[in-house]
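Trainee: Quick one, what's the 3D model for this:
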Amino acid sequence: MDDVFAQGMLGMAYLARLLTDLAPQERIRSYGVRFAAITPVHGAPTCAAKVVAIDEVDGERRATLELVVTLADGTTT
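Mentor: Just a heads-up that it's a prediction; the model follows:
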């Protein structure tokens, strides 16, 4: 590799923090990620969340969110 990079788990942790800032941890039903690209150490990642669906499951309203980590150059990690 040309430079040092952060493991994908760092981006996953950033997204988890974003998620728990939006909802209490005990209300989160599932969480999964797909690692798409390397995050350079000085890549300045930005996290974002978007609600893509709200459904009723077993009498409970549940939101499905799309979470993304993006670098300054537009790369999704």
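Trainee: helices and strands around the helix or strand containing residue 11, which ones?
Mentor: Element membership for residue 11 (DSSP states H and E) is helix 8-22. Where contact means 3 or more Cβ pairs under 8 Å, 6 or more residues apart in numbering; DSSP states H and E, helix 8-22 is packed against strand 39-40, strand 46-57, strand 60-70. All C-beta spots, glycine's among them, are computed from the backbone N, C-alpha and C.
Trainee: By mean pLDDT, point me to the weakest helix or strand of this protein.
Mentor: Scoring the helices and strands of the chain by mean pLDDT, DSSP states H and E places strand 5-6 at the bottom, with a mean of 85.
Trainee: Just want the most central residue of the chain.
Mentor: For the chain, the residue sitting closest to the mean C-alpha position, by Cα atoms, centre = their mean, is residue 15 at 3.4 Å.
Trainee: Please report the distance of the closest residue to residue 39 other than its chain neighbours from residue 23.
Mentor: Counting by Cβ to Cβ, 6 or more residues apart in numbering, residue 6 is the residue found nearest to residue 39 once chain neighbours are left out, at 4.4 Å. As judged by Cβ to Cβ, to the nearest Å, residue 6 and residue 23 stand 25 Å apart.
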